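**Student:** I would like to see how this sequence folds:
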Amino acid sequence: MKIGFKTFGCRANSVDTDTLWLEAQRRGFEVVTDKNFADAYVINSCTVTEDADRSARNYARRLKRQNPNSLIAVIGCYGQTGKEELLGMDCVDVVLGTADKHQVFDFFVKPSTKDKVKKNTGYLPEEFLGSRRARASIKVQDGCNFKCSFCIIPQARGRSRSLPLETVVRQVREAHAQGFEEVVLTGIHLAHYGWDQGTDLMGLLSALFETPGGPRVRLSTLDPFEIPDALVDLLRTEKRLCPYFHIALQSGSDKVLTKMRRFYSANEFEAVTHKLFSANPDVYIGVDVIVGFPGESGAEFEETIECLHRAVWAKLHVFPFSVRRDTAAENMDAKVDPADIDFRAAKLREISDQQYARYLASQRGKTKDVLLERKAFETGDLWKGHTENYIPALIHAPNGKRRSTLKATLGRREGEWVWTEAAL
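**Tutor:** Below you'll find the predicted structure:
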């Protein structure tokens with residue numbers, strides 16, 4: 001049987017699809033891309049916006065038109081929260097939620113009832129099967145205990161839960177033994193790691209770094225108040241911790257943050273970015289910002305801009321607000337005009353482009369470790385990869401090996417990429 005996969009949404013979903021892809025191969029299925037003919041397709045869905053839901057439905061219809069005899073499975077977050085919509089679609093053959101994604105193969109072997117959605121307890125693989133990518137992403141946590149007014153993910157993935165510390169350490173060591181020089185620790189709310197295991201994220205990092213050697217470690221998204229001084233100190237002293245932080249600011253206005261039910265202030269965000277910069281001036285700080293949240297005035301949007309001007313960061317990820325069903329924000333008054341939302345998003349993206357150019361310019365002439373990810377062309381010795389502080393780099397590596405790292409000096413920028421000179 002040929003199986004194709006399509007992933008929507010976050011890094012955690014990508015990690016889940018990787019695991020399913022490799023599990024399918026282990027069970028003897030022939031895995032193809034979603035664009036090829038397949039007997040069955042798995043759509044790993046996202047539900048963070050209405051557009052994400054719509055994308056999953058449209059993709060299911062498209063795949064069924066492409067191959068009317070194929071089996072279509074929609075799994076994941078939208079499967080968990082929107083199963084009634086999906087079960088009503090003739091093109092969908094089975095729906096699974098977030099807890100039992102891995103059981104999709106059982107349905108393909110022996111089709112049964114369409115509704116396989118169980119309690120939203122998340123999905124945490126106990127084993128590291130590998131990765132199709134150059135870096136190994138290990139999902140150490142799933143679910144969320146917060147109730148931000150714009151977010152439906154707690155309903156989709158349930159309360160936070162974590163892998164045992166020793167399980168994560170084992171998976172990281174297995175990844176390194178398989179040749180991975182970089183591991184990404186990811187989760188739906190990474191900073192909640194360990195609350196149910198008698199430890200925390202710092203405890204995990206300490207365990208990973210207590211012995212010499214091992215891969216470099218990259219962290220996924222954190223909230224501003226979830227970056228303690230101990231983590232800042234670790235950035236200063238531990239070379240295996242990538243100088244890369246993705247921080248969910250969402251708004252630089254304290255009034256808007258309160259409406260969002262966020263647990264920090266704009267000042268806390270500013271302060272932690274300066275601490276990180278002080279610990280390592282080369283640190284890359286990416287920032288999530290939502291524009292057009294209900295009630296966000298023009299003055300409050302300007303507060304976000306002023307906050308960003310005072311903080312230290314490299315690049316913004318801008319999200320125009322869209323109403324999500326079954327969230328507190330759905331019933332909030334003073335919705336922002338869509339034209340104003342588009343204007344604000346465009347303005348922040350312009351500011352981001354300018355700041356990112358300055359950040360890349362500040363890195364020119366510095367020597368970094370580039371993770372070789374893929375060749376730029378089918379032939380030749382030009383590779384694409386990323387430095388430890390996540391600068392996309394082009395590097396000539398005649399004897400290059402995917403997943404290995406190579407020291408190189410950063411040079412001129414060309415589009416989204418920075419050319420390097422090998423510094424062997």
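
**Student:** mind listing what Arg173 touches?
**Tutor:** Going by C-beta atoms under 8 Å, 6 or more residues apart in numbering, Arg173 touches Gly214. Using the backbone N, CA and C atoms, a C-beta is placed for each residue, glycine as well.

**Student:** Next, it: secondary structure please.
**Tutor:** Assigned with DSSP: H, G, I helix; E, B strand; the rest coil, Arg173 falls in the helix class.

**Student:** just Phe263 next, same as before
**Tutor:** Here Phe263 is coil, with the state taken from three-state DSSP.

**Student:** Distance of it relative to His189?
**Tutor:** Between Phe263 and His189 the distance is 12 Å, computed by C-beta to C-beta, to the nearest Å.

**Student:** Give me the more crowded residue out of the two.
**Tutor:** His189 (24 against 14; other C-beta atoms under 10 Å).

**Student:** Can you tell me the closest non-neighbouring residue to that one?
**Tutor:** Once flanking residues are discounted, His189 sits nearest to Cys144: 4.5 Å by C-beta to C-beta, 6 or more residues apart in numbering.

**Student:** tell me the phi and psi of Glu23?
**Tutor:** Main-chain torsions, Glu23, degrees, to the nearest 10: phi -70, psi -40.

**Student:** Following the chain past the host helix or strand of Ile341, name the next helix or strand.
**Tutor:** Under the criterion of DSSP states H and E, Ile341 resides in helix 338-363. Next helix or strand after helix 338-363 toward the C-terminus (DSSP H and E): strand 367-375.

**Student:** and that following strand, what's its mean pLDDT?
**Tutor:** Across strand 367-375, pLDDT averages out at 96.

**Student:** Against which helices or strands is it packed?
**Tutor:** If you count contacts as 3 or more C-beta pairs under 8 Å, 6 or more residues apart in numbering; DSSP states H and E, strand 367-375 packs onto strand 382-386, strand 392-396, strand 405-414.

**Student:** Just the buried positions in stretch 50-68, please.
**Tutor:** Neighbour-count burial for stretch 50-68 flags 52-53, 55-57, 59-60, 63-64, 67 (criterion: 16 or more other C-beta atoms under 10 Å).

**Student:** now, among the residues you listed, which is nearest to Pro281?
**Tutor:** Ala52 (37.0 Å; C-beta to C-beta).

**Student:** The closest one and Phe108, how far apart?
**Tutor:** In this view, Ala52 and Phe108 are 24 Å apart by C-beta to C-beta.

**Student:** what pairs with the nearest residue to Phe107 once chain neighbours are set aside across the strands?
**Tutor:** Spatially, and ignoring its direct neighbours in sequence, Phe107 is nearest to Val94 (4.8 Å; C-beta to C-beta, 6+ apart). For Val94, the beta-bridge partners are Ala73 (DSSP bridges).

**Student:** helices or strands up against the helix holding Ile341?
**Tutor:** Judged by 3+ C-beta pairs under 8 Å, 6+ apart, helix 338-363 is in contact with strand 284-291, helix 298-310, strand 315-320, strand 405-414.

**Student:** Same list (these) but as CSV, adding distance to Cys151.
**Tutor:** Conversion of the helices and strands packed on helix 338-363 to CSV gives the following (distance: least, C-beta to C-beta, whole Å):
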stretch, distance to Cys151
strand 284-291, 10
helix 298-310, 19
strand 315-320, 12
strand 405-414, 35
